[in-house]
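Engineer: Fold the following and give me the result.
(4 chains)
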There are 4 protein chains.
Amino acid sequence: MTHQVVSHMIAKDHFSRWLGVEVLDLSEGYCRLQASIREEMLNSFGMVHGGVPFSLADTAFAYACNNRNARSVALDANMSFIKPTHLGDTVTAEACEIHNGRSTGVYLVTLTNQQHETIALFKGTCFRTGKPVLGASASL
Amino acid sequence: MTHQVVSHMIAKDHFSRWLGVEVLDLSEGYCRLQASIREEMLNSFGMVHGGVPFSLADTAFAYACNNRNARSVALDANMSFIKPTHLGDTVTAEACEIHNGRSTGVYLVTLTNQQHETIALFKGTCFRTGKPVLGASASL
Amino acid sequence: MTHQVVSHMIAKDHFSRWLGVEVLDLSEGYCRLQASIREEMLNSFGMVHGGVPFSLADTAFAYACNNRNARSVALDANMSFIKPTHLGDTVTAEACEIHNGRSTGVYLVTLTNQQHETIALFKGTCFRTGKPVLGASASL
Amino acid sequence: MTHQVVSHMIAKDHFSRWLGVEVLDLSEGYCRLQASIREEMLNSFGMVHGGVPFSLADTAFAYACNNRNARSVALDANMSFIKPTHLGDTVTAEACEIHNGRSTGVYLVTLTNQQHETIALFKGTCFRTGKPVLGASASL
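Structural biologist: Coordinates of the predicted model:
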């Protein structure tokens, strides 16, 4: 089910496709993905724009917190920026479940570069809508 | 100086250009900008990917906190997601300075849609590097 | 109703009483309160322990987000520390409602000292439990 | 040195003493401590006031980020509240170093109860002042 839900999500996720997200590993409440830094992702200082690692973390968070087919939306997210990231770097985002509640969930996403250095740490809280990701229409 | 610094930043800011950022207003420690939501910015649920409003807020934060020609980098940022945003919406991000310290600064960014509804609230902390944005080369 | 709910809350709120909280102003979704810094609230460096302004902000947040008689619990809170606070200072915490949703709410709390300087900025997200603060038993 | 620095800090840390903090383990950039929940720490709903676990996390963060004798102050902290805590519970706060930078540091603090359930997750960023905690006077 986990893979089915995320395959369905990826197919429609325009922005994650633009980011070049490749899902590496997936299990209940967990997702690890990566993407490579292109010129379009840079900011004024020739480094990666902070929105890019945040977006990668947010995608990993979404694919982790929805993948039991429990449709969830982000309420709050925070990010600590640790190391700058540069053109050509490969960023891996690993989302781990800290809490899987009935109404809410908490996830920690660690972002690393190709030298296995932590470049950022993200914590996100989601709200469970009570609806499935897949199946409302499939069950008809 | 404020306008000169931000013009220099915009010229090199590939990702903010991809986002379609248009700066509406600028003063010391302040920036208001907007962008329109395109199909490439949507997520799995047909709404805007959370990384997009975060990125707009992060750009407003960067243009506000650097614009006294004090080169600054983001340390921490957090975002509360309040209302979903959809294809065709126009998002305005207004960054206000809460604290302009010697070593650090704190900024609050309010994001609204074209109906003047608050869609998200962002708080960011930056570190002052002690270097200018403009002028190293100009002084040669 | 707003005053009734908060009076009921204060009466049982042991820790806010220990903090010396005095509510100055109250309306729907809003609360302003203050407390004075005592020796017991100091940390290793002779300044106020970070937990004290956070706690004052958290009380203001609780009294603001519950005061329509909608029992709410904190999900996430973040604080930016701006200025140190010292023995004898008076801290005012003003909680304003940014979003009053059916399931969640977002509040911003500004903390100032007796010189009207901002010492910290707090943002909190709450979950609405669907239960009242007052009245279940009162209505019997 | 680590133990010397923290002993010095504890001796002067009035609020952590009020909280009943007991340090269980200590190493460079790391601290594990615990405290028991007393009636004075409860809020309006008969549960622990959110400021109390935050304060315990903040103490663990302080004892971890200062303990190489590098005087540091909190810039930003955020907390996700996961499970309510009650009178008589024992709360353990474990602070781990994610980043030990020259100017800043990032720490993650996990809070658990006596059943080893995670009750909250805290992330804190500190600024390195460049001064020692101990030694200015010791070197005379």
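
Engineer: Find the residue at the geometric middle of chain A.
Structural biologist: Nearest to the mean C-alpha position of chain A, by Cα atoms, centre = their mean, lies A:Ala60 at 1.7 Å.

Engineer: so who does that residue touch?
Structural biologist: For A:Ala60, the contact set (Cβ atoms under 8 Å, 6 or more residues apart in numbering or on different chains) comprises A:31-33, A:93-95, A:109. C-beta: built from backbone N, CA, C; applies to glycine.

Engineer: Just the buried ones from those?
Structural biologist: A:31-33, A:93-95, A:109 (16 or more other Cβ atoms under 10 Å in any protein chain shown).

Engineer: between those, which is closest to chain D?
Structural biologist: Checking the buried ones among the contacts of A:Ala60 against chain D with Cβ to the nearest Cβ, the nearest one is A:Val109 at 11.5 Å.

Engineer: So which of the buried ones among the contacts of A:Ala60 sit within strands?
Structural biologist: Within these, residues falling in strands by DSSP state E are A:31-33, A:93-95, A:109.

Engineer: mind putting those in JSON lines, distance to A:Thr129 and pLDDT included?
Structural biologist: Converted to JSON lines, these look like this (distance: Cβ to Cβ, whole Å; pLDDT from 0 to 100):
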{"residue": "A:Cys31", "distance to A:Thr129": "19", "pLDDT": "98"}
{"residue": "A:Arg32", "distance to A:Thr129": "25", "pLDDT": "98"}
{"residue": "A:Leu33", "distance to A:Thr129": "23", "pLDDT": "98"}
{"residue": "A:Ala93", "distance to A:Thr129": "23", "pLDDT": "98"}
{"residue": "A:Glu94", "distance to A:Thr129": "25", "pLDDT": "98"}
{"residue": "A:Ala95", "distance to A:Thr129": "19", "pLDDT": "98"}
{"residue": "A:Val109", "distance to A:Thr129": "21", "pLDDT": "98"}
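
Engineer: Out of those, flag the one nearest to chain B.
Structural biologist: Nearest to chain B among these, with distances taken as Cβ to the nearest Cβ, is A:Ala93, at 11.3 Å.

Engineer: Just to check, the closest one is in contact with A:Asp25?
Structural biologist: No - taking contacts as Cβ atoms under 8 Å, A:Ala93 lies outside contact range of A:Asp25: 11.2 Å.

Engineer: Need the contacts of A:Ala60 in CSV (columns: distance to B:Leu75).
Structural biologist: Output for the contacts of A:Ala60, formatted as CSV (distance: Cβ to Cβ, whole Å):
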residue, distance to B:Leu75
A:Cys31, 26
A:Arg32, 25
A:Leu33, 25
A:Ala93, 19
A:Glu94, 22
A:Ala95, 22
A:Val109, 17
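
Engineer: what residues are up against A:Met9?
Structural biologist: Neighbours of A:Met9 in contact, by Cβ under 8 Å, 6+ apart: A:62-63, A:66, A:133, B:44.

Engineer: Please name the nearest non-neighbouring residue to A:Thr112.
Structural biologist: Nearest residue to A:Thr112 in three dimensions, chain neighbours excluded: A:Thr92, at 5.0 Å (Cβ to Cβ, 6 or more residues apart in numbering or on different chains).

Engineer: which ones are touching whatever residue of chain A ends up closest to chain C?
Structural biologist: The nearest approach of chain A to chain C comes at A:Asp76, 4.3 Å away (Cβ to the nearest Cβ). Going by Cβ under 8 Å, 6+ apart, A:Asp76 touches A:124-125, B:78-81, C:75-76, C:125, D:80.

Engineer: name the element it belongs to?
Structural biologist: strand A:72-81 (DSSP states H and E).

Engineer: Can you give the distance from that strand to the centre of its chain?
Structural biologist: In terms of Cα atoms, centre = their mean, to the nearest Å, the gap separating the centre of strand A:72-81 from the centre of its chain is 10 Å.

Engineer: Direction-wise, compare it with strand B:72-81 and give the angle.
Structural biologist: Interaxial angle, strand A:72-81 versus strand B:72-81 (axes from the mean of the first three to the mean of the last three Cα atoms, to 10 degrees): 160 degrees.

Engineer: mind pulling up the phi and psi values for A:Gly20?
Structural biologist: For A:Gly20, the backbone dihedrals (degrees, to the nearest 10) come out as phi 80, psi 30.

Engineer: just to revisit the earlier point, among the contacts of A:Asp76, which one sits closest to D:His3?
Structural biologist: Taking Cβ to Cβ as the measure, D:His3 sits nearest to D:Ser80 out of the contacts of A:Asp76, at 30.8 Å.

Engineer: separation between that closest one and B:Cys65?
Structural biologist: Counting by Cβ to Cβ, to the nearest Å, the gap from D:Ser80 to B:Cys65 is 26 Å.

Engineer: One more: A:His14?
Structural biologist: Separation of A:His14 from B:Cys65 (Cβ to Cβ) stands at 30 Å.

Engineer: Specify which residue of these two has the higher count of neighbours.
Structural biologist: Between A:His14 and B:Cys65, counted using other Cβ atoms under 10 Å in any protein chain shown, the more crowded position is B:Cys65 (28 against 17).

Engineer: so the more buried one touches B:Thr104, yeah?
Structural biologist: No - using Cβ under 8 Å, B:Cys65 is not in contact with B:Thr104; the gap is 9.7 Å.

Engineer: what residues are shared contacts of the two?
Structural biologist: With Cβ under 8 Å, 6+ apart, B:Cys65 and B:Thr104 have common neighbours B:Cys126.

Engineer: give me the low-pLDDT residue ranges for chain A?
Structural biologist: Within chain A, the stretches with pLDDT under 70 are A:136-140.

Engineer: quick one: the strands in it?
Structural biologist: Under DSSP E, chain A gives strands at A:22-27, A:30-36, A:72-81, A:90-100, A:104-112, A:118-128.

Engineer: quick one: contacts for A:Arg102?
Structural biologist: Per Cβ under 8 Å, 6+ apart, neighbours of A:Arg102: A:Arg128.

Engineer: same thing but at 10 Å, please
Structural biologist: A:Arg102 makes contact with A:70, A:128, A:130, according to Cβ atoms under 10 Å, 6 or more residues apart in numbering or on different chains.

Engineer: what subset of the buried ones among the contacts of A:Ala60 is also close to chain D?
Structural biologist: Among the buried ones among the contacts of A:Ala60, not one lies near chain D by Cβ under 10 Å from any Cβ of the partner chain.

Engineer: Determine the longest helix present in chain A.
Structural biologist: When chain A is parsed with DSSP state H, its longest helix is helix A:51-65.

Engineer: chain center to it: distance?
Structural biologist: Its chain's C-alpha centre and that of helix A:51-65 lie 2 Å apart, by Cα atoms, centre = their mean.

Engineer: and that helix with strand B:72-81, angle?
Structural biologist: Using the same axes, to 10 degrees: helix A:51-65 against strand B:72-81 is 30 degrees.
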